[in-house]
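J.: After the sequence you'll find the predicted model.
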Amino acid sequence: MVVTAINGETVRFDATTYMQDQLIELICKVLANQMIQEVWQREHQES
């Protein structure tokens, strides 16, 4: 399986090189970083 996007962001890597738990952790880290960025941007736009 080749992952081509996570939450609308383009990525490309071969998911077969990851164990299932590693793949899930990687996707969660990407999503967490996106959420942190969005919150930070919103907080600084309101200031």
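T.: Structure's in. What do you need?
J.: Kindly indicate whether the residue nearest in space to the middle of the chain is helix, strand or coil.
T.: Nearest residue to the geometric centre of the chain (C-alpha atoms, centre = their mean): Val30, 2.1 Å. Taking DSSP: H, G, I helix; E, B strand; the rest coil as the rule, one finds Val30 in the helix state.
J.: ok, what's across the strand from the nearest residue to it once chain neighbours are set aside?
T.: Across the structure, with C-beta to C-beta, 6 or more residues apart in numbering as the measure, the residue nearest Val30 apart from its sequence neighbours is Ile6 (4.9 Å). C-betas here are computed from N, CA, C, even on glycine. For Ile6, the beta-bridge partners are Glu9 (DSSP bridges).
J.: need the contact list for Ile6.
T.: If you count contacts by C-beta atoms under 8 Å, 6 or more residues apart in numbering, Ile6 has them with 27, 30-31.
J.: can you give me the helices in the chain?
T.: If you assign secondary structure with DSSP state H, the helices in the chain sit at 20-46.
J.: Tell me how far Glu25 lies from His44.
T.: Going from Glu25 to His44 by C-beta to C-beta, to the nearest Å gives 29 Å.
J.: Between those two, which is the more surrounded one?
T.: A side-by-side neighbour count of Glu25 and His44, using other C-beta atoms under 10 Å, places Glu25 first with 12 against 8.
J.: quick one: low-confidence ranges for the protein?
T.: Within the chain, the segments meeting pLDDT under 70 span 47.
J.: And the contacts of Ile6, which is closest to Met1?
T.: Here the nearest of those to Met1, counting by C-beta to C-beta, is Ile27; it sits at 12.4 Å.
J.: tally of neighbours for that closest one?
T.: Burial of Ile27 is recorded as 16 neighbouring residues (other C-beta under 10 Å).
J.: List the contacts of it.
T.: Here Ile27 is in contact with Ile6 (C-beta under 8 Å, 6+ apart).
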